[in-house]
Each structure stands twice: as C-alpha cells, then as structure tokens.
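S.K.: here is my input; please provide its structure:
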Amino acid sequence: MEFNNSANPVHKAPIAAKDGWQWQDCYSFRELKHIFSVVVFFMMVSHAIAYDPLDPTGNITIKWDVVSWTPDGYVALVTMNNFQMYRHIMTPGWTLSWSWAKKEVIWSMVGAQTTEQGDCSKFKGNIPHCCKKTPTVVDLLPGVPYNQQIANCCKAGVVAAWGQDPAGSVSSFQVSVGQAGTSNKTVKLPKNFTLLGPGPGYTCGPATIVPSTIYLTPDHRRKTQAMMTWNVTCTYSQFLASKNPTCCVSFSTFYNDTMTPCPSCACGCRNKNMCIPSDSKKLKGLKNKQRDNTPLLQCTHHMCPIRVHWHVKLNYKDYWRVKIAITNFNYRMNYTQWTLVAQHPNLNNVTQVFSFDYKPLVPYESINDTGMFYGMKFYNDLLVEAGEHGNVQSEVLLQKNKDTFTFKHGWAFPRKVYFNGDECRLPPPDTYPFLPNSAHANPFAFRAMAVPLLLMIVYTIW
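M.R.: The predicted structure is shown next:
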C-alpha cells in the first residue's frame, strides 16, 4: 500500500464500473474550500462589475412596442430611456445592434437607419432597408425631412442623463420588420443586443416580455395599448469602457501653499509619446474632426483628458467656500452636457452654487452626501477642447455643521469625484494639504530645546 506524503493529499474513493471497481480522485477539504472561494469571487465580480454605488438603479432600458401587425411581420416603436442620473451619451452618439432569431428583414425605418443594407439580392421589386442577420442602427442627424422623423429622434444619437435633463434622456425610432411572426405566439424576440454609447462599456441582457405599454390619446380620454412589448436592460461598467481612468483630481487650500497635483500617469502613460506640448506649433493646424473620439492630449505629468481641481478658498464663521475648476486637455473633444459628481459629507448643506447648476443625488434616503454639478444651458454647458478656453469653473458656498466641520485630516476634500459618469483618480490621502498647526512634531527641534532646559535644571539644583 502506497502513501501520498504531499501536503494536500488527493484521496481516492472506489466507484463501480462495468469491469470492476475503479478509483476516483476526491479532493481534500482544503482544496475544495479554495475552489469554492474562487467560484464565489468570480460570481461576485460578475454581478458587481456594472454596479455604481452612487447610482445603484441607473441603466438604459430599450423598449420594443409592437404597435401594429403587417402581412409578414410587425411595426415596432423602439424607445431608449436613459435612467442614469449623471451618465449621458455624447457625440457621436449611440449605436445599437442585435441578431434576429429567424430570417427577419427590415423593410423600412423612421427616425434612424442601419449602417449597412446587406445582401438583398433575393428580393425583387420592393427592396428592404436592411437584410443583415445582425443589423447596426444609428440615430439620424438633426434637420432631416419631417417625413423621416418621429418624436424623440434625430439628435445624432446624443441622449442626456435623466438627472440632468429628463426630457432629453429619451431616443426613439420606428422599424417595420418583415419575414417575422404576425402574432404574439409566432414572434421571436431579437437577441444578442449590443449598445455603444458611443464607445464600449455597456452590457445588455436578453430581451424580456413585459406587460404591454398603455398609451393615452391627446385628449386623455381614451387608452390604447401595444400588441406586444419587450424590454432590454443595459448597464454600464467603467472597467469595460477603459482600463485606465479618464480624469484626475488635484487639491489646494488657502491655509497651505502646497498644491497636491494629480498623481503621475493617473490615466496611464501609453499616449506619452503621442501627446502635444501646449506651446507646439502643430496646434495651429489641428482640426477637431475625429469621428472615433481618439484623444489627442496635451503633454502633462498625469496624461488625463480631464482634470478637476478642488480649492478650499475661504473660511467664514458659519460658512466655507470651495472653488471647482474643470480643465480639458484633449485637443479633439468638446464635452457637451458635461456632468461632475462629488461625494462630500457637507454637500447636505449647500447654500449657493454660483456658476454651475446643481442637483443633490440621494441614492440612499438616509444619506445626503452626493451632488451633481453641470453647466448652465447656453452659458457653460459646453467644455471646449484644450486651449485657452478649455475650462469651466464655479464656486460653492456651504454652511458649516459645527458637530462635524473641520479642516483636519483632509475632511474638506471630496471622497469621490466623477466626470461624465466615470470615476476620477484622487491623490493619495497622505499628500493632501494639511493645516500648519497639524504638522508632525520635529524630533530634532525637541532635542535642541531639551538640552538647554536640562542644563538649566542642573544649574538650579547646584
């Protein structure tokens, strides 16, 4: 009989077989515990990767309403609702794709279009709008003819955040589908939905049949309803969108001359060799027409497209004042309808915001420490490309809570900062500006004072 002297032996147990008994490997308790821990970890990560603690219910819901049947299919009204409080879809807009369950085709569209028609050679006479198995749909541009428009369409794919502009957080189009089912029982739901907004980051679940949408007539005296309705829910993950942060934060105060800059390479230094110095002659011929949003950054130590600076400006008896400045270091990007979210315990008592619009965010009813800043319409809601005018700024007046207010231990600085829905990189806490009277004692200065004091004591005794 042989023995296994390894630290974690693999035990063997007999099992019945056709030709007698065989031995099956049985893992030890320690190995099973390790395997179980790994499985649980990946399960937790898979569910938490798209979870935003400051907007726990935020998502984009795509609703398909079958409004009528056709001889070979149906007409559907597709509505995209952005239920995210502070994350919008900016230019060049959203891109939506899916896979048909059968051999469906798109006969026509209103308010949107597919990027490719595909192979429609088997059709004669009436040619479909798209014959691809996996169509890709984009919004139409503003100014298209009225007969190609529908309500909430034609905004170049730009969709506002629900917390910033509820009316602008909707996008719609109408699609006529052929070679499909003509009843609730024969229709097959599309699958494999993909949403780009405008880049990666969104993960969409499967289509789910829900109660049919109910509509009110313009006079609100009659209700009608869709023949069939299904929803697709898409959630955002910053980890899927980018391996590195897209913004960083720096700090300064009135009580300390030291400024805490953004961490070096806060957004990764992979573009260090492709950046342009602020005094470069190449800037004169630079054009801001890059469809794929490829960044062209100004050379900085942090290499971030966006820097948020938080300056503790003034201290009054009952109030204190903060200045917030957002600087764009990207020469190829104008940020429209930008949003800035900050988490700080004193945001529960904001007295006045001077040059930004402000809205408190209360994801948890018992905690009010998060707020959203965004630009005033037609004033500073556009953060232009890097350069002389590539910044926006405002000041915030906050009322003190005497039980919690302090300038010690970095209390005056935010816990989290988000720009356009992406979390920014904060400096390490030990680099924050500190109060002059909270500096660590100098042991050498203490020794220098102790020696004369000791000599004086000895002299007095003698």
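
S.K.: leaving out the residues flanking it, which one is nearest to residue 329?
M.R.: Leaving aside its sequence neighbours, residue 329 sits nearest to residue 298 (C-beta to C-beta, 6 or more residues apart in numbering; 4.4 Å). Quick note: C-beta positions are derived from backbone N, CA and C, even for glycine.

S.K.: residues in contact with that neighbour?
M.R.: Residues near residue 298 by C-beta atoms under 8 Å, 6 or more residues apart in numbering: 275-278, 329-331, 386.

S.K.: same thing but 6 Å
M.R.: 278, 329, 386 (C-beta atoms under 6 Å, 6 or more residues apart in numbering).

S.K.: same check, this time on residue 415
M.R.: residue 343.

S.K.: list phi and psi for the residue nearest to residue 329.
M.R.: The phi/psi pair for residue 298 (degrees, to the nearest 10) reads phi -70, psi 140.

S.K.: just the pLDDT for it.
M.R.: Residue 298 carries a pLDDT value of 91.

S.K.: go on, residue 4?
M.R.: Predicted confidence (pLDDT) for residue 4: 43.

S.K.: likewise residue 282?
M.R.: For residue 282, pLDDT reads 70.

S.K.: part of a strand, is it?
M.R.: No: Residue 282: not assigned to a strand; according to DSSP: H, G, I helix; E, B strand; the rest coil it is helix.

S.K.: which ones among the contacts of residue 298 map onto helices?
M.R.: Applying DSSP state H to the contacts of residue 298, no entry is found in helices.

S.K.: most neighbours, which of those residues?
M.R.: Neighbour counts for the contacts of residue 298 peak at residue 329, which has 28 neighbours (criterion: other C-beta atoms under 10 Å).

S.K.: mind putting the contacts of residue 298 into JSON lines with pLDDT and distance to residue 377?
M.R.: Compiled in JSON lines, these are given as follows (pLDDT from 0 to 100; distance: C-beta to C-beta, whole Å):
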{"residue": "278", "pLDDT": "81", "distance to residue 377": "30"}
{"residue": "329", "pLDDT": "95", "distance to residue 377": "25"}
{"residue": "386", "pLDDT": "90", "distance to residue 377": "23"}
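
S.K.: kindly reformat the residues you listed as TSV containing distance to residue 240.
M.R.: Shown next, in TSV, are the contacts of residue 298 (distance: C-beta to C-beta, whole Å):
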residue	distance to residue 240
278	32
329	24
386	26
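
S.K.: which among the residues you listed gets closest to residue 315?
M.R.: Nearest to residue 315 out of the contacts of residue 298 is residue 329 (C-beta to C-beta; 30.8 Å).

S.K.: any idea how far residue 125 is from that closest one?
M.R.: For residue 329, the distance to residue 125 equals 55 Å [C-beta to C-beta, to the nearest Å].

S.K.: now residue 193. Its backbone dihedrals?
M.R.: Backbone torsions of residue 193, given as degrees, to the nearest 10, read phi -70, psi 140.

S.K.: across the sheet, point out what pairs with the closest residue to it other than its chain neighbours.
M.R.: Computed as C-beta to C-beta, 6+ apart, the closest residue to residue 193 that is not its neighbour in sequence is residue 204, at 4.0 Å. On the basis of DSSP bridges, residue 204 is bridged to residue 234.

S.K.: the closest residue to residue 347 other than its chain neighbours in helix, strand or coil?
M.R.: In space, and not counting its chain neighbours, residue 347 is closest to residue 371: 4.5 Å by C-beta to C-beta, 6+ apart. Secondary structure assignment for residue 371 (three-state DSSP): strand.

S.K.: burial count for residue 371?
M.R.: Count around residue 371 with other C-beta under 10 Å applied: 22.

S.K.: partners of it in the sheet?
M.R.: Those that pair with residue 371 in a beta bridge, by DSSP bridges, are residue 342, residue 360.

S.K.: so what's it scoring on pLDDT?
M.R.: On the pLDDT scale, residue 371 gets 96.

S.K.: check whether residue 418 really touches residue 342, as I assumed.
M.R.: No: Residue 418 lies out of contact with residue 342 (C-beta atoms under 6 Å); the separation is 7.8 Å.

S.K.: what residue ranges in the stretch 101-250 of the chain score low on pLDDT?
M.R.: Residue ranges of the stretch 101-250 of the chain with pLDDT under 70: none are present.

S.K.: quick one, strands of it?
M.R.: Counting by DSSP state E, counting those that start in this stretch, one finds strands in the stretch 101-250 of the chain at the ranges 105-110, 112-114, 136-139, 170-178, 191-196, 202-204, 208-210, 214-216, 223-225, 228-236, 247-253.

S.K.: determine which stretch of those strands is the most buried.
M.R.: Comparing the strands of the stretch 101-250 of the chain by mean neighbour count (mean count of other C-beta atoms under 10 Å), strand 247-253 ranks first with a mean of 23.

S.K.: immediately after it, which helix or strand?
M.R.: Of the helices and strands lying after strand 247-253 in sequence (DSSP states H and E), the nearest is strand 306-315.

S.K.: the inter-axis angle of that next one versus strand 247-253?
M.R.: Calculated by axes from the mean of the first three to the mean of the last three C-alpha atoms, to 10 degrees, strand 306-315 forms an angle of 20 degrees with strand 247-253.

S.K.: may I see the buried residues of strand 306-315?
M.R.: 306-312 (16 or more other C-beta atoms under 10 Å).

S.K.: quick one: which of those is nearest residue 159?
M.R.: Residue 159 has its nearest neighbour among these in residue 306, at 20.3 Å by C-beta to C-beta.

S.K.: need the contact list for that closest one.
M.R.: 247, 419.

S.K.: tell me which element residue 76 is part of?
M.R.: Assigned by DSSP H and E, residue 76 falls within strand 73-82.

S.K.: can I get that strand as PDB, trimmed to CA atoms?
M.R.: Extracted as PDB, the C-alpha positions of strand 73-82 are listed here (Å, rounded to 0.1, in the frame of the first residue of the first chain):
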ATOM      1  CA  GLY A  73     -44.400  40.900 -39.700                       C
ATOM      2  CA  TYR A  74     -44.900  43.900 -37.500                       C
ATOM      3  CA  VAL A  75     -44.200  47.600 -36.900                       C
ATOM      4  CA  ALA A  76     -42.400  48.400 -33.600                       C
ATOM      5  CA  LEU A  77     -41.700  51.600 -31.800                       C
ATOM      6  CA  VAL A  78     -38.300  51.300 -30.200                       C
ATOM      7  CA  THR A  79     -37.600  53.700 -27.300                       C
ATOM      8  CA  MET A  80     -34.300  54.100 -25.500                       C
ATOM      9  CA  ASN A  81     -34.700  55.500 -21.900                       C
ATOM     10  CA  ASN A  82     -31.500  56.600 -20.100                       C
END
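
S.K.: let me see the mean pLDDT of the very next helix or strand once past it.
M.R.: Sequence order places strand 95-99 as the next helix or strand after strand 73-82, per DSSP H and E. Strand 95-99 comes out with an average pLDDT of 98.
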